[in-house]
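Peer 1: Structure, please.
(2 chains)
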Amino acid sequence: DGGITQSPKYLFRKEGQNVTLSCEQNLNHDAMYWYRQDPGQGLRLIYYSQIVNDFQKGDIAEGYSVSREKKESFPLTVTSAQKNPTAFYLCASAGRAFSYEQYFGPGTRLTVT
Amino acid sequence: EDKVVQSPLSLVVHEGDTVTLNCSYEVTNFRSLLWYKQEKKAPTFLFMLTSSGIEKKSGRLSSILDKKELFSILNITATQTGDSAVYLCAVAPPGTASKLTFGTGTRLQVTL
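Peer 2: As a prediction, the model looks like this:
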């Protein structure tokens, strides 16, 4: 089955620790995205990548880092510099040239205490 | 700053009712408007609208875009409990696989 997987579904960390969220897709999509969703705020773009070995900051990149070493993988690291990391994180991908339709993974809920 | 505003924020209706969800936008560059349905976790794509006045329809759901007044509506007729979800509106600028700007969503609850 083609799709996007995110792991883990739930993640608990202590304040001050870095944590990496996984996102993998087997849709052969070029573009991948990370969003953060907080109650009442909709989805906000953290980072995106349109091609392997290249990525750009989104609207709220501070305290996060990404890599895109393989087409199918786009891991997100939430660093200790992120002041309010507890949130629901969604990964998405988009395929064909000029495609605006993004396909979303099931999300990871991160709780930092 | 690009802005997408959805209304109402939440809505409770009875099964069988018809609902209209609104999305207005103020963006620097506009290419398309997209609607997504988020039931529990992963948003799923519903519609993409690029041209004004052309209705897109899928079963009981339909949507239309007004590029002059900068808004879109999503209609759901004969609602069912399975329509309960958060409906997200997003605007895309020109470009390949572009960044989307999302609204805060409308939470719809359909009761028996």
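
Peer 1: Which residue is the nearest non-sequential neighbour of A:S65?
Peer 2: Of all residues not flanking A:S65 in the chain, A:T77 sits nearest, at 4.7 Å (CB to CB, 6 or more residues apart in numbering or on different chains). All C-beta spots, glycine's among them, are computed from the backbone N, C-alpha and C.

Peer 1: got the contact list for A:T86?
Peer 2: Contact partners of A:T86, counting by CB atoms under 8 Å, 6 or more residues apart in numbering or on different chains, are A:110-112.

Peer 1: How about A:W34?
Peer 2: Contacts of A:W34 by CB under 8 Å, 6+ apart are A:21, A:23, A:45-48, A:58, A:64, A:66, A:74, A:76, A:89-92.

Peer 1: next one: A:K14
Peer 2: A:112-113.

Peer 1: how about the helix or strand that contains B:T20: buried residues?
Peer 2: Using DSSP states H and E, B:T20 falls within strand B:19-26. Buried residues in strand B:19-26, counted by 16 or more other CB atoms under 10 Å in any protein chain shown: B:19, B:21, B:23-25.

Peer 1: and the residue of chain A at minimum distance from chain B, what are its bridge partners?
Peer 2: The minimum distance from chain A to chain B, using CB to the nearest CB, falls at A:A31 (3.6 Å). When assigned by DSSP bridges, A:A31 has beta-bridge partners A:A94.

Peer 1: in chain A, which strand has the most residues?
Peer 2: Looking across chain A with DSSP state E, the single longest strand is strand A:42-51.

Peer 1: Now do the next helix or strand after it: everything it contacts.
Peer 2: Sequence-wise, the next helix or strand downstream of strand A:42-51 (DSSP H and E) is strand A:54-57. The contact list for strand A:54-57, computed with CB under 8 Å, 6+ apart, reads A:47-50, A:66-68, A:74.

Peer 1: Quick check: ChimeraX command selecting the buried ones in the residues you listed.
Peer 2: Listed next is the ChimeraX selection for buried residues among these, using 16+ other CB under 10 Å:
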select /A:47,48,49,50,66,68,74
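
Peer 1: Chain B next: which of the contacts of strand A:54-57 are close?
Peer 2: Among the contacts of strand A:54-57, the ones lying near chain B by CB under 8 Å from any CB of the partner chain are A:48, A:50.

Peer 1: By neighbour count, which of the contacts of A:T86 wins?
Peer 2: A:L110 (21 neighbours; other CB atoms under 10 Å in any protein chain shown).
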